[in-house]
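1. Pasting the sequence and the predicted model now:
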There are 6 protein chains.
Amino acid sequence: MFFHKQELQFKAKPAKPDALFARRMQEVLGGQYGEITVAMQYGFQAWNSHEPGKYRDLLFGIGAEEFGHVEMLAIMIAQLLEKAPIEQSEAAAASDPVLGAVLGGMDVQHAIVAGAGARAVDSNGNPWQGSYITASGNLLADFTANANAEMQGRVQVARLYNMTDDHGVRELLSFLLARDTMHQNQWIAAAAELRAEGREDLPVPSNFPLSQEHRDVSYQYINFSDGAAAAEGSWASGPTPDGKGEFSYLDAPGTSAPMPPATQPDERYYGTTPKPNIVEKAAGVVKDKLSTK
Amino acid sequence: MFFHKQELQFKAKPAKPDALFARRMQEVLGGQYGEITVAMQYGFQAWNSHEPGKYRDLLFGIGAEEFGHVEMLAIMIAQLLEKAPIEQSEAAAASDPVLGAVLGGMDVQHAIVAGAGARAVDSNGNPWQGSYITASGNLLADFTANANAEMQGRVQVARLYNMTDDHGVRELLSFLLARDTMHQNQWIAAAAELRAEGREDLPVPSNFPLSQEHRDVSYQYINFSDGAAAAEGSWASGPTPDGKGEFSYLDAPGTSAPMPPATQPDERYYGTTPKPNIVEKAAGVVKDKLSTK
Amino acid sequence: MFFHKQELQFKAKPAKPDALFARRMQEVLGGQYGEITVAMQYGFQAWNSHEPGKYRDLLFGIGAEEFGHVEMLAIMIAQLLEKAPIEQSEAAAASDPVLGAVLGGMDVQHAIVAGAGARAVDSNGNPWQGSYITASGNLLADFTANANAEMQGRVQVARLYNMTDDHGVRELLSFLLARDTMHQNQWIAAAAELRAEGREDLPVPSNFPLSQEHRDVSYQYINFSDGAAAAEGSWASGPTPDGKGEFSYLDAPGTSAPMPPATQPDERYYGTTPKPNIVEKAAGVVKDKLSTK
Amino acid sequence: MFFHKQELQFKAKPAKPDALFARRMQEVLGGQYGEITVAMQYGFQAWNSHEPGKYRDLLFGIGAEEFGHVEMLAIMIAQLLEKAPIEQSEAAAASDPVLGAVLGGMDVQHAIVAGAGARAVDSNGNPWQGSYITASGNLLADFTANANAEMQGRVQVARLYNMTDDHGVRELLSFLLARDTMHQNQWIAAAAELRAEGREDLPVPSNFPLSQEHRDVSYQYINFSDGAAAAEGSWASGPTPDGKGEFSYLDAPGTSAPMPPATQPDERYYGTTPKPNIVEKAAGVVKDKLSTK
Amino acid sequence: MFFHKQELQFKAKPAKPDALFARRMQEVLGGQYGEITVAMQYGFQAWNSHEPGKYRDLLFGIGAEEFGHVEMLAIMIAQLLEKAPIEQSEAAAASDPVLGAVLGGMDVQHAIVAGAGARAVDSNGNPWQGSYITASGNLLADFTANANAEMQGRVQVARLYNMTDDHGVRELLSFLLARDTMHQNQWIAAAAELRAEGREDLPVPSNFPLSQEHRDVSYQYINFSDGAAAAEGSWASGPTPDGKGEFSYLDAPGTSAPMPPATQPDERYYGTTPKPNIVEKAAGVVKDKLSTK
Amino acid sequence: MFFHKQELQFKAKPAKPDALFARRMQEVLGGQYGEITVAMQYGFQAWNSHEPGKYRDLLFGIGAEEFGHVEMLAIMIAQLLEKAPIEQSEAAAASDPVLGAVLGGMDVQHAIVAGAGARAVDSNGNPWQGSYITASGNLLADFTANANAEMQGRVQVARLYNMTDDHGVRELLSFLLARDTMHQNQWIAAAAELRAEGREDLPVPSNFPLSQEHRDVSYQYINFSDGAAAAEGSWASGPTPDGKGEFSYLDAPGTSAPMPPATQPDERYYGTTPKPNIVEKAAGVVKDKLSTK
């Protein structure tokens, strides 16, 4: 169950309206790595988890916080939009360069659809979607997904920080940056703890029997491009992070397999298939046909 | 530039057709974490990278391999579909329970749209989409995204392995499992190398000045649920993975901010706003209206 | 802010696993009118609202309940999937008709992607998306949207009720049916209250000056089909629900306007435009060209 | 069958081109609540209806009108775009602030993809999609959906009206506002008629046996937030709109259920599950691992 | 304007219900190349056209027919669903193999969402979307798009024909096949007429000055794969269909350009960029870090 | 297999940065008819093809070239973005009209998400999706799809050419225009060759028995609009392009079928169905109800 409290975790009040920035802020609300994503991702990971205890408590504990971040951003965006322009035609833009800039850069659906309100979309107006989230049931994989989400999110918030000098907006972004710092550290710590406890390990999933994979290529870097510098990396020689092998470097694939014969499905699929009884017409005839212009 | 060779990196030939499994295999071709995703993701990360050298060479070198994996899976799927049933009505299903099962479990667009061919979709027929990929320009964040993608991908391939006993299919899956093992190790190694070289560090982005974030909450676990076990985790006390702080544990948020006043946009947005001049009608009148049935 | 409690509003435990029904249940979790939709919809309406008080409290109070419904359904689905089959090939389906039926009817991503867990998708695997929700800032319009959402939702839950005889599942559905009954009544009451208080009225938005609309067609039923029975409805004569006019019935549009001249954009858009200097070739020549086969 | 006539229901001719406004107008053509939505929605409701007569005739009669509205808007948009700028680079924008504003605010696909033509998208360029429409087969639910669609649509048209002072555009919007007034009234009348005739009633679906729902919570307002004002609403006490109960108010949920045990799916799904035979490593070891930086 | 007539262009009545086939039929209603696509595509091409006359009349004349085809298919699907099963659990499937097959192969949203009605989706339940249609303003390009749409559509209808032996369904499909035959021929004729009249020509757009393209590669087949047979085609030598050149064949690209230097965006984008002042740590140190397991 | 070479097929270097144009250029990278589409389309057509030889070699040979075009565009876009503005608020726009124009017209996700990098989206930020591609297995249909894609693509590139005067950008566009010229010619030649060889023919699919379609309407133009000029076209009389019939012209449909009876699904779908036992209430009662305001 979730309970709501009509307070915010941190103040969310801009110094002044800014419809341009309101659009940009949508990215960290409803974008691929916005707050809706992490709130829903931690929720589904918790609901799908296979044991109670510290890991599930962690997911529940942080997930609810993230729903509160969704709220803070939505409320901030609504305030940034409070003075969004009403007149939005070319004539209006022509009469006032500043207005013209705002008309260009704002999210027009903020005005037309939401009446100066926030929306569940990203900074280009793409609706948030369920395919942004990850919840596989394997916690080492999922915590790595979480660490990535918090990293991408913090990069975006940092970029937004430089796009405004509104003190109130920056205050909120500073808070979110700090929480992203915490959450990055937390998921990395949790992933390490899973490994240290022997609960999960590399390669993920660690309980799939390695004998069933083609171990001869499990630690080979195979270069399909013509840049040689990748051979200098730690992924090209030396021990592997999973502690189970040694990296090696191949400049190109060592073996290959022939292309299998083309398929011949039932002719009632009406695909183009070879017909032995067709008399191939002379190439000259074909070419004559083509130059019909 | 890309060049194509009409051979496969590894053999991709099923022992027998299996339209049911063909659908399932679409997940690792065109799903969120399928081969199209990693091929495109590594490509965009390379094209957007800000320096030549080992990291970009790595992205190019692996990216091209992944396009070859797309090809192997597409060709395998086409072969699994070679005998996909033509008659697909209820009457057909009723006459043959096995056929009925296949009709239910196959991807009907394999037959209707592709004529027994592979498609750029996942196992539920959702088209692959560009929002599956991540390329932020920050390599530590992106390599973490890559590690996650390879983990999720290997979990899915491992699950598929248990869904079939076709020797040819399992051979290919064994090969892919091994390459995923390599790629997981490789991205983890590359991420560690970025940190060891001082190129990037935690928290990501590490070159954003920490003084501009609210450091007081940068290492606090704040519990928004009522499970207490999260306090036992390594994310609740002790040094943080970024080496810059100490975790602490709060059972609930320590402070909060009042909800800002509701916005009052221009009345021509036609939102519902308070109107001081409206004479509130008596509650009794209101209730009379409601019981109109 | 949101707080989470590790209890459920109502018990959510199936009598037995049922992967077929788990898929169907996704509709009311992640579908167009599922619980994610109403939870997010009420949230955004509250965050975008233009005044504190009973209407916003209502939105907050119900919105948080709906997030709890999301959780109940996700947990129920995970339990229904606990025994989802692992072997999912044609051979498996052929050996066991019951298994065949399950393989056909289950959501394959439940197995491959979520490892027997719930997902943020509908019953056909379409990801939930932000465009499902409505929050215009006009409360009479939005409460009507809410009433519709609760009606569609209850219709779907009622259909699901007849698709299973699992006692535990039916218990939960019975609970949800009752809450949908409440929420339908509630939004209808709230919409009536807005009107009774003179806050909003029909037509929505009621504060747009009616003098600026073409009042001559504001209450005309204009029939663009050839069925005459629509003339018998209460929408074809008599007073209008907004209390401002009388319905009338037109058997066909009374007036019309000529099609405006075709546009002639800049030729550098390379559209096909009339060119006065082109010598039209004789029709015979054209026809000769066409019969090239 | 549909027949087309090369006239418009009302004149659709702008006083002057305006690429900025053309983009905004896309919302009511191809947006969530645009004319494509209502045209298709009424069509599918008619095709799926379960009886001939006045309700189906109504759906057919209005549905065809809406397809004509799609046409009027498309033609208006094409005219607004007739002079859309060709040169669209930074250099062009820099040389002319007015052009700069237009370049920012126009839909670039209007120029690049459609060559100064209308598109089946909303004002942010999101393609129209079939998930915008509702057709459940239950007419009371669907007419409520229709009323909502016409309300949201009229709100958007009213907002657009204030975004332009082009006389020709305003003329068309005035016409659409009036038709939306009619259609709002009409669906509300039709919904009331369904109830008055005893064909459908609240709660929807009214023919689901109420004895099968948990009647004890069918009329309870349960507050999951901490705002107390919702208790003042007509939804918190008094008779319910369905005429079958009395509202009551609960300040918080009265009962709850424990979280069910976590699921334990087959281990070959490779989720993270408890393993009794794992020797938990000491916390100190874990923490050492984490501080690897 | 569009007018509706409550008759069908051709009879649409199945001999018996068939929920399996109803799902498959959705492809040609709401799929990428279904009737909604062509109806909307011809509409937008007409509305965006730049001159009155035979081409626009053609688009209007066929477009309205296609809306009638949408209707025929929707009504057929609703009838195929009339007896769609209500009980859809595993227990139901287990008790009856035929039912099991139907449960697997039907579109579950047909039952849950539409109450045994048609939907605006394809055969996998993906909603129809505006991005399926093409209307560039260039009629030669667009008529080629139309020819393709009718070809793909006829291939799909032909496949569906073999998936059923229901006489009523086959009757309708026979009718649609014939109309697709007409429409294929018609668009090919119209494209040829555009060329014969000198209105448009190859390459499209023909009024772009050829002097501004790199004519040296305008007719070269450049082989980026290692199959040599493409050299045998009429596209590798001889006159070109546009009548303006001669095809030539290159076994590989003749020239190439160096990769441009990597970009160096502002550091406040927090991308990973080379930093000259970083002391590269020894490879040994890096490798030690990696083997943390 | 694919191999990558760190060179470009042609130089891709702008004279100067231009964030506005970078957004526009996304259309031909990640749009419906961008380079990702053709690269993937030719790939899937090859992988699904039913015979080796010149047609498959052609698909492989061109497909790999197109992946290289994806790369050239991505690298060009990254360079155009190299100086994308950091400060993006209203205040920034107000202080500098040129900056204001850029802020409006640029893709904000270029800055926020990609850190001045290219993305797999179109010029409105819609992610590329698998549903853009066509691969039916029927080569005549698919080569027509390819010809259309190259036509639409060349139209878009030509439009982009006029939107910039950057010499470097124009150079690349000139190269792409030439390759599109080649590819248009090539697919038209290949389609003609299929027909000339008797491999495929019109109508597609040509191996579906014509006796099974309603031949009486196979060559009829049936006019569903009121424009008479379509009768003048070559599609209204004379021989048909498939060489199998004669076009005829009907001013309106010659025959029609009655609407089938409305469906009566199981009442547990809760649709609105006629109920003989309902006592219809008097119209007056109904109307009283409606005027509740």
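-> Yep, it's here. Numbers count the residues shown, from 1 in each chain, chains lettered A, B, ... in the order given.

2. touching chain E at all, the lengthiest strand in chain A?
-> In chain A, ranked by residue count with DSSP state E as the criterion, the top strand is strand A:246-250. No - on the criterion Cβ under 8 Å from any Cβ of the partner chain, strand A:246-250 is out of touch with chain E, staying 9.4 Å away. Heads up, the C-betas are built off the backbone N, CA and C, glycines and all.

3. Helices of the stretch 151-293 of chain A, start to end?
-> A:167-196, A:283-290 (DSSP state H, counting those that start in this stretch).

4. among those, which is nearest residue D:6?
-> Closest approach to residue D:6 among these is made by helix A:283-290 (38.4 Å; Cβ to Cβ).

5. just to revisit the earlier point, what pairs with the longest strand of chain A, and is each one parallel or antiparallel?
-> If you go by DSSP bridges, strand A:246-250 pairs up with strand A:220-222 (parallel), strand A:238-239 (antiparallel).

6. you'd agree residue A:204 is up against residue B:157?
-> No - applying Cβ atoms under 8 Å as the test, residue A:204 and residue B:157 come out as separate, 11.1 Å apart.

7. neighbour-wise, which of those two wins?
-> residue A:204 (31 against 25; other Cβ atoms under 10 Å in any protein chain shown).

8. how far away is that one from residue A:239?
-> 18 Å (Cβ to Cβ, to the nearest Å).

9. and chain A, what are its domains?
-> A:19-196, A:210-250 (automatic domain parsing).

10. ok, back up a step: of all the helices of the stretch 151-293 of chain A, which lies closest to chain E?
-> helix A:283-290 (4.5 Å; Cβ to the nearest Cβ).

11. What mean pLDDT does the closest one get?
-> Mean per-residue pLDDT for helix A:283-290: 42.

12. swap in stretch A:78-93?
-> On average, stretch A:78-93 scores 93.

13. end-to-end on it?
-> For stretch A:78-93, the first-to-last residue distance is 23 Å (Cα to Cα, to the nearest Å).

14. check whether it contacts chain C.
-> Yes - shown here: stretch A:78-93 in contact with chain C (Cβ under 8 Å from any Cβ) through residue A:78.

15. Burial-wise, tell me which of the domains of chain A comes out on top.
-> Neighbour counts (mean count of other Cβ atoms under 10 Å in any protein chain shown) averaged over each of those peak at domain A:19-196, with a mean of 25.

16. sorry, back to before: contact partners of the longest strand of chain A?
-> Contact with strand A:246-250 is made by A:219-223, A:230-231, A:234-240, B:185-186, B:189, as judged by Cβ atoms under 8 Å, 6 or more residues apart in numbering or on different chains.

17. 10 Å - rerun?
-> With contact meaning Cβ atoms under 10 Å, 6 or more residues apart in numbering or on different chains, strand A:246-250 is reached by A:217, A:219-224, A:228, A:230-241, B:61, B:182, B:185-186, B:189, E:287, E:290.

18. For it, C-alpha coordinates in PDB please.
-> Extracted C-alpha coordinates of strand A:246-250, given in PDB (Å, rounded to 0.1, in the frame of the first residue of the first chain):
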ATOM      1  CA  GLU A 246      41.900 -15.000 -19.100                       C
ATOM      2  CA  PHE A 247      41.100 -12.500 -21.800                       C
ATOM      3  CA  SER A 248      42.600 -13.000 -25.200                       C
ATOM      4  CA  TYR A 249      42.600 -10.900 -28.300                       C
ATOM      5  CA  LEU A 250      41.700 -12.000 -31.900                       C
END
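
19. about what we covered before: want to throw the helices of the stretch 151-293 of chain A into a markdown table with distance to residue A:21?
-> Below are the helices of the stretch 151-293 of chain A laid out as a markdown table (distance: least, Cβ to Cβ, whole Å):
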| stretch | distance to residue A:21 |
| --- | --- |
| helix A:167-196 | 7 |
| helix A:283-290 | 57 |
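
20. weakest of those in terms of mean pLDDT?
-> Among the helices of the stretch 151-293 of chain A, helix A:283-290 carries the lowest mean pLDDT (a mean of 42).

21. what residues are up against whatever residue of the stretch 101-250 of chain A ends up closest to chain D?
-> Residue of the stretch 101-250 of chain A nearest chain D, by Cβ to the nearest Cβ: residue A:104 (1.9 Å). By Cβ under 10 Å, 6+ apart, residue A:104 lies in contact with A:20, A:93, D:20, D:93, D:100-106, F:93, F:100-106.

22. give me the element whatever residue of chain A ends up closest to chain F is part of.
-> Proximity of chain A to chain F (Cβ to the nearest Cβ) peaks at residue A:104, 1.9 Å away. Using DSSP states H and E, residue A:104 sits within helix A:97-105.

23. Only alpha carbons, please: show that helix as PDB.
-> The C-alpha trace of helix A:97-105 is given here as PDB (Å, rounded to 0.1, in the frame of the first residue of the first chain):
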ATOM      1  CA  PRO A  97      11.800  38.200 -30.300                       C
ATOM      2  CA  VAL A  98      11.700  37.000 -26.800                       C
ATOM      3  CA  LEU A  99       8.200  35.600 -27.100                       C
ATOM      4  CA  GLY A 100       9.300  34.100 -30.400                       C
ATOM      5  CA  ALA A 101      12.000  32.200 -28.700                       C
ATOM      6  CA  VAL A 102       9.700  30.900 -26.100                       C
ATOM      7  CA  LEU A 103       7.100  29.900 -28.600                       C
ATOM      8  CA  GLY A 104       9.700  27.900 -30.400                       C
ATOM      9  CA  GLY A 105      11.300  26.200 -27.500                       C
END
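
24. and whatever helix or strand comes next after that helix, anywhere near chain E?
-> Counting by DSSP H and E, the next helix or strand C-terminal to helix A:97-105 is helix A:108-112. No - on the criterion Cβ under 10 Å from any Cβ of the partner chain, helix A:108-112 is out of touch with chain E, staying 15.7 Å away.

25. Mind checking the pLDDT average for helix A:108-112?
-> Computed over helix A:108-112, the average pLDDT equals 98.

26. Wondering if that helix reaches chain D at all.
-> Yes - shown here: helix A:108-112 in contact with chain D (Cβ under 10 Å from any Cβ) through A:108, A:109, A:110, A:111, A:112.

27. Out of those, which are close to chain C?
-> residue A:112.

28. Mind putting the residues of helix A:108-112 next to chain D into a markdown table with distance to chain F?
-> Converted to a markdown table, those look like this (distance: Cβ to the nearest Cβ, whole Å):
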| residue | distance to chain F |
| --- | --- |
| A:108 | 11 |
| A:109 | 12 |
| A:110 | 13 |
| A:111 | 14 |
| A:112 | 16 |
